[in-house]
Each structure stands twice: as C-alpha cells, then as structure tokens.
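Student: Okay, predicted coordinates and the sequence, questions at the end:
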Amino acid sequence: MEAMSRPDSRLWRESTQDELRSLRENKAWELTDAPQGTKLTGSPWVFEPQCGAAGSDMRNKERTAVRGSTRKRGVDFDEVWALGPVKATVRAAPSLSAARLMEVHSLDIISAYLNAMIDKDVYV
C-alpha cells in the first residue's frame, strides 16, 4: 500500500482512524462470523489526496470500497447502487447552473452514505 510507505504516512493513518471511527459511530457494520458457505466480498482501502477550491486546503481522504465485481446478479444481489454521483453529473450540474445564471449552494456531508439502508446481509 503506497500511502502507508510514504513520508507522510502518519497523516494517512490518522485519516484512516477517522474513517474507522465514523463507521463505528454510524453503526455501519456489525462484527460477526460469516455463516458457513457465505461468499466474502473484498474491501480495499482507497487513498487519494483531495484539495478544496483553487487548490487550497489539501487533505488526505480515504474510504473503504466493497468489491462488487465479485458478485453475481440474481445470486448475490438484485439491484445496483452507488455511494455517490458519477463524475459526469458533478461536472454537468455546475455547467448547467452557470449557463442559466443560477445561484448554486453546496455542502459536504462526511460519511453521508452510511445512512443508506440495504436489505441484504453483506459479509466483507
């Protein structure tokens, strides 16, 4: 894992601890043994530096990502969902707003996706 071998790895570790704390506080998971025969889904960490508007406020941001590509439709899942908007939407909305001279307000809700409910058990 490249992020953990960098000189600034301490910052990545702190960021990872923040993410884990958020997952615990939001009760995003329950630690349990998977039933026998259950197919486990991998969950790698994704690390990427992020910056605010005009390159200001650089911060480390990481997230856990469940590997859905190992699942089969109709066997392991019935529907597909995403944690956030696709990049094309994120780019198109401000462009349309500017073209129509609309005022735009935005906010960032940390760990907003943790409030989404799913009706299946997922073992990671």
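Tutor: Yep, it's here. Numbers count the residues shown, from 1 in each chain.

Student: Tell me which stretches of the protein form strands.
Tutor: Counting by DSSP state E, the segments of the chain that form strands are 45-50, 59-64.

Student: any low-confidence regions in this protein?
Tutor: Applying pLDDT under 70 to the chain flags the ranges 1, 52-58, 67-72, 74-85, 107-117.

Student: Can you point out the buried residues in the helix ranked longest in it?
Tutor: Counting by DSSP state H, the longest helix found in the chain is helix 9-25. Going by neighbour count (16 or more other Cβ atoms under 10 Å), the buried part of helix 9-25 is 12, 15-16, 19. Glycine gets a C-beta too; all of them are placed from N, C-alpha and C.

Student: One more: stretch 38-55?
Tutor: Quick answer for stretch 38-55 (16+ other Cβ under 10 Å): Phe47.

Student: May I have it exported as CSV, CA atoms only?
Tutor: C-alpha atoms of stretch 38-55 as CSV (Å, rounded to 0.1, in the frame of the first residue of the first chain):
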residue,chain,number,x,y,z
THR,A,38,-21.1,-17.4,2.6
LYS,A,39,-19.0,-15.8,-0.1
LEU,A,40,-17.0,-12.9,1.3
THR,A,41,-16.6,-9.6,-0.6
GLY,A,42,-13.2,-7.9,-0.5
SER,A,43,-13.0,-4.4,0.8
PRO,A,44,-9.8,-2.5,-0.1
TRP,A,45,-8.9,1.0,1.2
VAL,A,46,-8.7,3.7,-1.5
PHE,A,47,-6.4,6.6,-0.7
GLU,A,48,-6.4,9.9,-2.6
PRO,A,49,-5.3,13.4,-1.7
GLN,A,50,-8.1,16.0,-2.1
CYS,A,51,-8.0,19.7,-2.3
GLY,A,52,-10.5,22.5,-1.9
ALA,A,53,-11.4,25.2,-4.4
ALA,A,54,-8.4,26.6,-6.4
GLY,A,55,-6.0,24.0,-4.9
